[in-house]
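**Student:** Please find the sequence and the predicted model below.
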Amino acid sequence: MNLPQNINISHYKLYDLDVINQMCRGNEEQILKMVEVFIEQISLVLKDIETAYSENDFLKIKSLAHKIKPLLTYFGTSKLEKEFLLTEVFFLKEVSSLELELKISNLNLIAKEVVNQMKNDFGLTYK
């Protein structure tokens with residue numbers, strides 16, 4: 001199996017597997033498993049953030065944010081990571097606002113871009 005080279009039509013690299021490649025010592029099967037876990041985890045955490053926000057559970061949002069940050073770094077998702085850090089400022093204020101809702105929505109859109117690119121690059125067809 002040959003790993004994809006992060007090709008994107010927009011020429012913007014949405015993820016970088018260098019750290020994951022090092023962690024897995026180049027084991028392509030293990031890298032693929034890590035990608036699948038990332039796709040699953042990022043989707044679940046963002047859904048949980050939306051739910052926690054709708055319940056005004058900012059403690060849970062902070063916990064989820066803490067959980068997801070390392071994944072964003074390990075997978076080199078700089079665009080998503082940057083947006084997440086900008087949104088985290090609003091999480092810390094613990095106040096519901098239209099701007100925070102828009103930030104959460106934008107996080108979901110960027111995460112979907114990253115996930116779709118990974119799925120396309122790795123030929124994953126589930127979910």
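**Tutor:** Sure thing, it's come through.

**Student:** What separation do you get for Asp18 and Thr73?
**Tutor:** Distance, Asp18 to Thr73, using Cβ to Cβ, to the nearest Å: 11 Å. For every residue, glycine as well, the C-beta is placed using N, CA and C.

**Student:** cool, and Glu29?
**Tutor:** In this view, Glu29 and Thr73 are 23 Å apart by Cβ to Cβ.

**Student:** of these two, who's got more company?
**Tutor:** Thr73 (12 against 9; other Cβ atoms under 10 Å).

**Student:** Surely that one is in contact with Val19?
**Tutor:** Yes: the criterion here is Cβ atoms under 8 Å, and Thr73 meets it with Val19 at 7.4 Å.

**Student:** Ser43 contacts Asn116, correct?
**Tutor:** No: Ser43 is beyond contact range of Asn116, at 11.3 Å (criterion: Cβ under 8 Å).

**Student:** Tell me how far the helix or strand bottoming out on mean pLDDT in the chain lies from the chain's centre.
**Tutor:** Lowest on mean pLDDT, DSSP states H and E among the helices and strands of the chain sits helix 78-93, with a mean of 88. Here helix 78-93 is found 12 Å from its chain centre; the criterion is Cα atoms, centre = their mean, to the nearest Å.

**Student:** Dump it to PDB, restricted to CA.
**Tutor:** Extracted C-alpha coordinates of helix 78-93, given in PDB (Å, rounded to 0.1, in the frame of the first residue of the first chain):
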ATOM      1  CA  SER A  78      -2.900  23.600  10.700                       C
ATOM      2  CA  LYS A  79      -6.000  25.200   9.200                       C
ATOM      3  CA  LEU A  80      -8.300  23.400  11.600                       C
ATOM      4  CA  GLU A  81      -6.000  23.900  14.600                       C
ATOM      5  CA  LYS A  82      -5.800  27.600  13.900                       C
ATOM      6  CA  GLU A  83      -9.600  27.900  13.800                       C
ATOM      7  CA  PHE A  84      -9.900  25.800  16.900                       C
ATOM      8  CA  LEU A  85      -7.500  28.000  18.800                       C
ATOM      9  CA  LEU A  86      -9.500  31.100  17.800                       C
ATOM     10  CA  THR A  87     -12.700  29.400  18.900                       C
ATOM     11  CA  GLU A  88     -11.200  28.300  22.200                       C
ATOM     12  CA  VAL A  89     -11.000  31.900  23.300                       C
ATOM     13  CA  PHE A  90     -14.800  32.000  23.100                       C
ATOM     14  CA  PHE A  91     -15.100  28.700  24.900                       C
ATOM     15  CA  LEU A  92     -13.100  30.200  27.800                       C
ATOM     16  CA  LYS A  93     -15.500  33.200  28.100                       C
END
